[in-house]
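**Q** sequence and computational prediction follow.
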Amino acid sequence: VSHPLAKYLREGMLPTLFCPGCGNGILMKAMFEVFDEMGLESLDGFVFVSGIGCAGWIPSPHFKADSVHTLHGRAIPVATGIKLCRPELRVVVIGGDGDIAGIGCGHLIHAARRNVDIATVMVNNFNYGMTGGQYSPTTPRGKITPTSPYGNPERPMDTCLLVAEAGANYVARWTVAHYRMLKEALKRLFEGRGFRFLEVVSTCPTRVLRREGLTPAEGLKALLRASVPVRRCDPARAVLKGRIPVGVYADRDEPGFLEALGLAGPGVRRG
Ligand SMILES: Cc1ncc(C[n+]2csc(CCOP(=O)(O)OP(=O)(O)O)c2C)c(N)n1
């Protein structure tokens with residue numbers, strides 16, 4: 001493919017493996033544009049780590065880069081190990097809400113608490129997409145899913161609040177319909193120290209939108225309608241009402257875990 005962004009895409013990966021209209025494609029394009037705007041000719045120096053799920057497929061197999069596809073929920077501890085062994089690499093975790101806020105939630109909290117120097121992109125499509133649309137920790141209360149035929153009985157959580165409170169340096173949420181803001185946040189994510197966390201609210205045309213009778217385009221518009229700036233709401237309450245708080249939850253520059261271990265910082269030789 002002779003496209004300026006094709007340098008980041010593994011051969012034979014078009015069309016992508018995602019369902020038509022999946023928000024993962026939008027996020028992938030945004031990431032490629034950001035890499036290009038960062039002046040990167042290749043993804044050398046990056047390692048992408050994912051667990052299991054559709055979002056985990058964004059880097060592996062699509063990215064022409066080193067990637068590790070680990071167990072469901074375990075991307076963050078594997079990424080932490082890679083970063084501690086090879087501090088000079090840029091380590092990026094990509095996964096779904098089930099992967100990162102569900103089964104992997106303990107790892108998420110402790111990586112944020114330790115301020116581990118990795119970037120994490122959590123794609124929140126409000127369900128377990130890959131396994132059939134079961135409800136996840138972020139599914140709005142009352143939603144009908146294959147595991148909640150009478151409506152989801154659980155309270156959804158605001159993962160960004162949790163990660164910000166635990167101590168991460170950078171925490172933000174945007175939807176795939178906020179393309180420009182999403183790219184700004186991705187740029188911030190790939191730079192800097194400490195734990196950087198971006199929740200990307202996305203659409204799942206196959207498991208969610210089809211059930212609701214919405215096209216992928218209508219799904220994107222619904223994301224915009226549900227969004228509310230985080231600084232103008234009480235995010236925990238907004239999430240309970242099915243709104244999507246968007247914006248920056250935390251932006252600090254505290255020393256990361258590498259510095260706490262003496263593996264980075266002034267006077268430490270890298271590489
Ligand atoms: C230990 C373990 N439990 C359950 C599964 C089955 N499983 C595979 S992917 C997945 C959830 C996927 O949802 P999410 O992480 O939100 O990603 P999405 O597919 O929606 O992008 C589950 C439960 C598994 N692979 N391993």
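**A** Great, that's in hand. Residues are numbered from 1 along each chain as shown.
**Q** contacts and neighbour counts: CA atoms only from here.
**A** Fine.
**Q** so what touches stretch 207-220?
**A** By CA atoms under 8 Å, 6 or more residues apart in numbering, the residues outside stretch 207-220 that reach it are 21, 22, 127, 129, 132, 133, 176, 177, 203, 205.
**Q** and the strands in the stretch 151-271 of the chain?
**A** 170-175, 196-201, 227-229, 244-251 (DSSP state E, counting those that start in this stretch).
**Q** residue 123 is nearest to which of those?
**A** Minimum separation from residue 123 across the strands of the stretch 151-271 of the chain (CA to CA) falls at strand 196-201, 4.8 Å.
**Q** do that closest one and the ligand meet?
**A** No: residues of strand 196-201 are not located near the ligand by CA under 6 Å from any ligand atom, the shortest gap being 11.0 Å.
**Q** between strand 170-175 and the longest helix seen in the chain, find me the angle.
**A** Secondary structure of the chain per DSSP state H: the longest helix is helix 23-37. Per axes from the mean of the first three to the mean of the last three CA atoms, to 10 degrees, the angle that helix 23-37 makes with strand 170-175 is 130 degrees.
**Q** so after helix 23-37, what's the next helix or strand?
**A** Using DSSP states H and E, the helix or strand that follows helix 23-37 in sequence is strand 46-50.
**Q** quick one: mean pLDDT for that next one?
**A** The average pLDDT within strand 46-50 is 98.
**Q** partner strands of that strand, with direction?
**A** strand 66-69 (parallel), strand 90-96 (parallel) (DSSP bridges).
**Q** please identify the most buried of those.
**A** Per residue and on average, the most neighbours among these fall to strand 90-96, with a mean of 26 (mean count of other CA atoms under 10 Å).
**Q** ok, is that strand in contact with the ligand or not?
**A** Yes: if you take CA under 6 Å from any ligand atom as the test, strand 90-96 does meet the ligand, through residue 96.
**Q** pull the CA atoms of that strand into PDB?
**A** The C-alpha trace of strand 90-96 is given here as PDB (Å, rounded to 0.1, in the frame of the first residue of the first chain):
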ATOM      1  CA  ARG A  90       8.800   3.000  25.000                       C
ATOM      2  CA  VAL A  91       6.200   0.500  26.400                       C
ATOM      3  CA  VAL A  92       2.600   0.900  25.400                       C
ATOM      4  CA  VAL A  93      -0.300  -1.200  26.700                       C
ATOM      5  CA  ILE A  94      -3.500  -1.400  24.600                       C
ATOM      6  CA  GLY A  95      -6.600  -3.300  25.700                       C
ATOM      7  CA  GLY A  96     -10.300  -3.300  26.300                       C
END
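**Q** could you identify the helix or strand that succeeds that strand?
**A** Moving toward the C-terminus from strand 90-96, the next helix or strand (DSSP H and E) is helix 97.
**Q** and the contacts of that following helix?
**A** So helix 97 is contacted by 122, 123, 124, 125, 126, 127, 128, 136, 137, 138 (CA under 8 Å, 6+ apart).
**Q** okay, now residue 169: neighbour count?
**A** 27 (other CA atoms under 10 Å).
**Q** which strands and helices sit next to the longest helix of the chain?
**A** helix 179-190 (3 or more CA pairs under 8 Å, 6 or more residues apart in numbering; DSSP states H and E).
**Q** right, I'll call it a day here.
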